[in-house]
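Engineer: What shape does this take:
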Amino acid sequence: MKNGIDDGVIKYDRTNFTQCEALNYSEYAELETWRTLLYRLNLIGEYPVEQVGFGNMSKAQNYEEYSPFHGTQFVITGTQTGKHPKLNGEHYTRVLGYDIALQKINVLGPLEASSEALTHAAIYEANPNIKAIFHIHSKPIWDGMKNDLSPSTHEDIPYGTLEMANAVKDLIAGQNNGVICMRGHEDGVIAYAETTEAAGDLILDLYFNYVEKKVRPVYQDLNNEAHL
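Structural biologist: Sure, this is the predicted structure:
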């Protein structure tokens, strides 16, 4: 693994996964628009040597028709889908519920949820106003955020664990929008927000601050293939 990176290894309890047919496009359309762009910017993808995917995204979604739940239910990219330039309903899955203390995730979909699903659940639980979470990988962004002392989890806390879930909950502290550097998860950065567009804008701001280092174009220009 890249410098000890173990992305893609699911650490939550996997016993509550129910496999079913592909998701409807309406469930993941907003996420896929942003994911296509972030993939082109190499913020989601796969480490070529290790063949390990990185990056995942989720959006709050009401799934009470499948199972009632007191917290936020959400749609999320499935495990090890980072390598695909575009995803479809076979690559997204539903999180119907969770128990963070027991590290349990209740999943219904064509494949298991991202290995970071527990962290997503913790962020949604920390603040119900949060409706979208984007987790990307970028060494320039990660290094830049560390140097700038941005909100960060401790370097001893690995991804996908109960410790990481609790750490991100503490960092949010009632905020509706923000970014987090995961010091214990190499290159890992999280943006959380009230909408998918706001989460995407936070990631783009980081990209043009630390990678391109210029005033960023508007989203409509960026999303045009001719501009990439």
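Engineer: C-alpha only now, for contacts and for neighbours.
Structural biologist: Fine.
Engineer: show me where the chain has helices.
Structural biologist: Secondary structure of the chain by DSSP state H: the helices cover 25-40, 117-126, 139-147, 162-172, 196-210, 219-222.
Engineer: Out of the ones you listed, indicate the one that is most buried.
Structural biologist: Scoring the helices of the chain by mean neighbour count under mean count of other Cα atoms under 10 Å gives helix 117-126 as the most buried, with a mean of 25.
Engineer: Does anything pack onto it? Which helices or strands?
Structural biologist: Judged by 3 or more Cα pairs under 8 Å, 6 or more residues apart in numbering; DSSP states H and E, the packing partners of helix 117-126 are strand 104-109, helix 162-172.
Engineer: Report the beta-bridge partner residues of residue 93.
Structural biologist: residue 76 (DSSP bridges).
Engineer: oh sorry, the question was meant for residue 153
Structural biologist: residue 182.
Engineer: I'd like to know how many residues surround it.
Structural biologist: The number of residues packed near residue 153 is 23, by other Cα atoms under 10 Å.
Engineer: just residue 68 next, same as before
Structural biologist: So residue 68, with other Cα under 10 Å, has 12 neighbours.
Engineer: how about the nearest residue to residue 17 once chain neighbours are set aside, what does it touch?
Structural biologist: Take residue 17 and drop its neighbours on the chain: the residue closest to it by Cα to Cα, 6 or more residues apart in numbering is residue 107, 4.7 Å away. By Cα atoms under 8 Å, 6 or more residues apart in numbering, the contact set of residue 107 is 16, 17, 18, 93, 94, 95, 96, 97, 113.
Engineer: coming back round to it: for the helices and strands packed on helix 117-126, give me TSV that also has mean pLDDT.
Structural biologist: Shown next, in TSV, are the helices and strands packed on helix 117-126 (pLDDT from 0 to 100):
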stretch	mean pLDDT
strand 104-109	96
helix 162-172	89
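Engineer: any chance of those in TSV, plus distance to residue 142?
Structural biologist: TSV is the format used below for the helices and strands packed on helix 117-126 (distance: least, Cα to Cα, whole Å):
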stretch	distance to residue 142
strand 104-109	28
helix 162-172	16
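Engineer: Please identify which of those is closest to residue 24.
Structural biologist: Nearest to residue 24, of all these, is strand 104-109, at 10.6 Å by Cα to Cα.
Engineer: Keeping just the C-alphas, turn the closest one into CSV.
Structural biologist: Extracted in CSV, the C-alpha atoms of strand 104-109 (Å, rounded to 0.1, in the frame of the first residue of the first chain):
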residue,chain,number,x,y,z
LYS,A,104,-22.7,-1.0,12.5
ILE,A,105,-24.1,0.2,9.1
ASN,A,106,-27.4,-1.0,7.6
VAL,A,107,-26.9,-1.0,3.8
LEU,A,108,-29.3,-1.8,1.0
GLY,A,109,-28.0,-1.7,-2.5
